[in-house]
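Peer 1: How does the following fold in three dimensions:
(one chain, ligands or ions: 1)
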Amino acid sequence: MSRSLPWQSSLSLLALAALAAHACLAADIVIHAGTLIDGVAEAPRHNVSILVREGRIVAVAAGVTTPAGAQVVDLTHATVLPGLIDCHVHISARLPGRFNALEYRLTHSALDRAFDGALFARRMLQQGFTSARDVGGGDETAAVRDAIEAGKIPGPRLAISLEPLGPTAGHGDPHNGLDAGVQHADWDFGIVDTPEQARIRVREHKRRGADLIKIMPSGGIASTGDDPHQQLMTDEEMAVAVATAHSLGMKVAAHIYPAAAIEHAVRAGVDSVEHGSFATAETFALMKSHGTYLVPTLTVYELFYAIARDHPELLQPGTPQKELANDLLPKQNLPLAVKSGVKIAYGTDIGEGDHAMEFRLLIENGMRPMDAVFAATRNAAELLGRSDQVGSVQAGRLADIIAVDADPLADPEALEHVSFVMKGGVIYRLVGRPTAAALE
Ligand SMILES: [Zn+2]
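Peer 2: Purely as a prediction, here's the structure:
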């Protein structure tokens, strides 16, 4: 039995904050949504009630109704969406341009990076991101993931790849550009120079807690000495890495730029192409036919281009030239990807910083606003292999729910101002401010 409740009957904000502070999951919560974009349906719905019990969505009902005993969260003025998902983060990565990148790397340990990661994870959650995929880090990423999962620190649900796998002198080789005498035990954990080594590395990563595998088939941009236009892993190395990962239930994300290398990786069975900046219409058609996701990561290029132009001395030696030559290409290429119909998932390639700015970049470069939302909800959830848990506001899913006051289908920057964040039924942000649960 349910009845309508006027706005005045809602709990006071203070009471809601107290509710959140105690992470009290005993009482049912009903969210009154003025508009609901559920992450699955093409059309928004209006005046919907979302019932949350013990951290899960148990019903999504038409009309503004309040089941007996439920606490009300009044979002009748707002647009409610699923918690957002960033499929390409490096949770401990500092925003470029405020520190010298090489100096920071050489003067901070994995323990320092874990604390950085904890801070950036907390901020990500405040930005409305309730899940994320870390595609390149060390043991500190596992520590941050596990601390979030255990409720020790607030943050998005994390899936991690640990160190990306790639060849000596490739994009993932931390020795690049350094005196050969400078060594660190961790720096070789991702090195793969034979198919056999690929098999072993994937299994080692699994043992150390990886949820997925990241490979570096081509050179990259923000690294010293390698060429983003070259394929650096062999087709055989990729095939063995993918087969081993899949046999262990792990998906494979592949950092790739050149069209030919993308085609080889897609045929080897990778699940997503990260960046994909030099892809052609044929490449996207092949990806589409294989069901391979594209994660365009326009945010990182936007940020690095400006730093390379204004403060090249802060970037890795030898990389500003690569940034200036290549960073504008992904935006130019996005309309081709959109037109091709390839599946696109949302990713920023940052840790610290604004994870929501990718929406504006996607929309400005040819994506429909609703498709940008789908990229960060249902598509991202499918790429994570977690569609049954996250990425939509539907009965049975985890109660990962956000809201924005402006209309995200009309204003490309609306999602940069999230006013409400719930993860697993706990409220971490309300009326645009962190709740006690977010700070404890
Ligand atoms: Zn990355």
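Peer 1: What residues does the closest residue to residue 155 other than its chain neighbours make contact with?
Peer 2: What sits nearest to residue 155 in space, not counting adjacent residues and going by C-beta to C-beta, 6 or more residues apart in numbering, is residue 121, at 3.0 Å. Bear in mind the C-beta positions are built from the backbone N, C-alpha and C, glycine included. Taking C-beta atoms under 8 Å, 6 or more residues apart in numbering, we find residue 121 in contact with 91, 144, 148, 153-156, 158.
Peer 1: In the beta-sheet assignment, what are the partners of residue 133?
Peer 2: Beta-bridge partners recorded for residue 133 (DSSP bridges): residue 159.
Peer 1: Touching, it and residue 91? I think so.
Peer 2: No: with contact defined as C-beta atoms under 8 Å, residue 133 does not reach residue 91; the gap is 9.9 Å.
Peer 1: returning to what we had before: so which helix or strand takes in the residue nearest to residue 155?
Peer 2: Secondary-structure element containing residue 121, defined by DSSP states H and E: helix 110-126.
Peer 1: Wait, residue 66 touches residue 49, no?
Peer 2: Yes: counting by C-beta under 8 Å, residue 66 does reach residue 49; the two are 7.3 Å apart.
Peer 1: So which of the two has more stuff around it?
Peer 2: A side-by-side neighbour count of residue 66 and residue 49, using other C-beta atoms under 10 Å, places residue 49 first with 23 against 19.
Peer 1: returning to that earlier point: looking at the contacts of residue 121, which is nearest residue 331?
Peer 2: Closest to residue 331 out of the contacts of residue 121 is residue 91 (24.9 Å), distances taken as C-beta to C-beta.
Peer 1: what's near enough to touch the nearest residue to the closest one once chain neighbours are set aside?
Peer 2: Nearest residue to residue 91 in three dimensions, chain neighbours excluded: residue 117, at 4.3 Å (C-beta to C-beta, 6+ apart). Going by C-beta under 8 Å, 6+ apart, residue 117 touches 91-92, 137, 140-141, 143-144, 351.
Peer 1: which SS class is residue 346?
Peer 2: coil (DSSP: H, G, I helix; E, B strand; the rest coil).
Peer 1: what's the residue nearest to it when sequence neighbours are not counted in contact with, if anything?
Peer 2: In space, and not counting its chain neighbours, residue 346 is closest to residue 376: 3.7 Å by C-beta to C-beta, 6+ apart. Residue 376 is in contact with 84-86, 345-346, 358-359, counting by C-beta under 8 Å, 6+ apart.
Peer 1: ok now stretch 385-404, how far from the chain's centre?
Peer 2: Chain-centre distance of stretch 385-404: 15 Å, with C-alpha atoms, centre = their mean, to the nearest Å.
Peer 1: actually stretch 351-359, not the one I wrote
Peer 2: For stretch 351-359, the distance to the chain centre is 9 Å (C-alpha atoms, centre = their mean).
Peer 1: Over to stretch 197-204?
Peer 2: Distance, stretch centre to chain centre, for stretch 197-204: 25 Å (C-alpha atoms, centre = their mean).
Peer 1: Of all the residues in it, which ones are buried?
Peer 2: 197-199, 201-202 (16 or more other C-beta atoms under 10 Å).
Peer 1: Same check on stretch 174-191?
Peer 2: By neighbour count on 16+ other C-beta under 10 Å, the buried set for stretch 174-191 is 174-178, 187, 189-191.
Peer 1: Can I get the residues you listed in CSV including pLDDT?
Peer 2: Listed next are the buried residues of stretch 174-191 as CSV, based on pLDDT from 0 to 100:
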residue, pLDDT
174, 93
175, 94
176, 93
177, 91
178, 93
187, 95
189, 97
190, 97
191, 97
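Peer 1: Greatest separation within the residues you listed: which pair is it?
Peer 2: Farthest-apart pair in the buried residues of stretch 174-191 is 177 and 189; separation 18.7 Å (C-beta to C-beta).
Peer 1: Could you list the low-pLDDT ranges of the stretch 251-400 of the chain?
Peer 2: Across the stretch 251-400 of the chain, not a single residue meets the criterion (pLDDT under 70).
Peer 1: Now do the helices for it: every range, in order, please.
Peer 2: With DSSP state H, counting those that start in this stretch as the criterion, the stretch 251-400 of the chain has helices at 259-268, 281-290, 298-310, 320-326, 329-340, 357-364, 369-376, 378-384.
Peer 1: can you tell me which residues contact the closest residue to residue 136 other than its chain neighbours?
Peer 2: Leaving out its chain neighbours, the residue that sits closest to residue 136 by C-beta to C-beta, 6+ apart is residue 164, at 4.7 Å. By C-beta under 8 Å, 6+ apart, the residues touching residue 164 are 135-136, 171-172, 190, 214-216, 255.
Peer 1: do you know how far residue 164 is from residue 121?
Peer 2: 20 Å (C-beta to C-beta, to the nearest Å).
Peer 1: what comes up buried for whichever strand or helix holds residue 240?
Peer 2: Under the criterion of DSSP H and E, residue 240 resides in helix 235-247. By neighbour count on 16+ other C-beta under 10 Å, the buried set for helix 235-247 is 237-246.
Peer 1: Adding pLDDT and distance to residue 79, write these out as CSV.
Peer 2: Formatted as CSV, those follow (pLDDT from 0 to 100; distance: C-beta to C-beta, whole Å):
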residue, pLDDT, distance to residue 79
237, 98, 46
238, 98, 41
239, 98, 44
240, 98, 46
241, 98, 41
242, 98, 39
243, 98, 43
244, 98, 43
245, 98, 38
246, 98, 38
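Peer 1: Of those residues, which pair is most distant in space?
Peer 2: Counting by C-beta to C-beta, the most remote pair of the buried residues of helix 235-247 is 237 and 246, 15.1 Å apart.
Peer 1: Make sure I have this right: residue 104 is in a strand.
Peer 2: No: in this structure, residue 104 is helix, not part of a strand, as judged by three-state DSSP.
Peer 1: Looks like it contacts residue 94 (just checking).
Peer 2: Yes: the criterion here is C-beta under 8 Å, and residue 104 meets it with residue 94 at 6.2 Å.
Peer 1: so residue 434 makes contact with residue 428?
Peer 2: Yes: checked against C-beta under 8 Å, the pair residue 434 and residue 428 is within contact range at 6.7 Å.
Peer 1: So which of those two has more stuff around it?
Peer 2: residue 428 (24 against 19).
Peer 1: Give me the distance between the more buried one and residue 301.
Peer 2: 30 Å.
Peer 1: Just give me the neighbour total for residue 41.
Peer 2: Neighbours of residue 41 under the rule other C-beta under 10 Å: 14.
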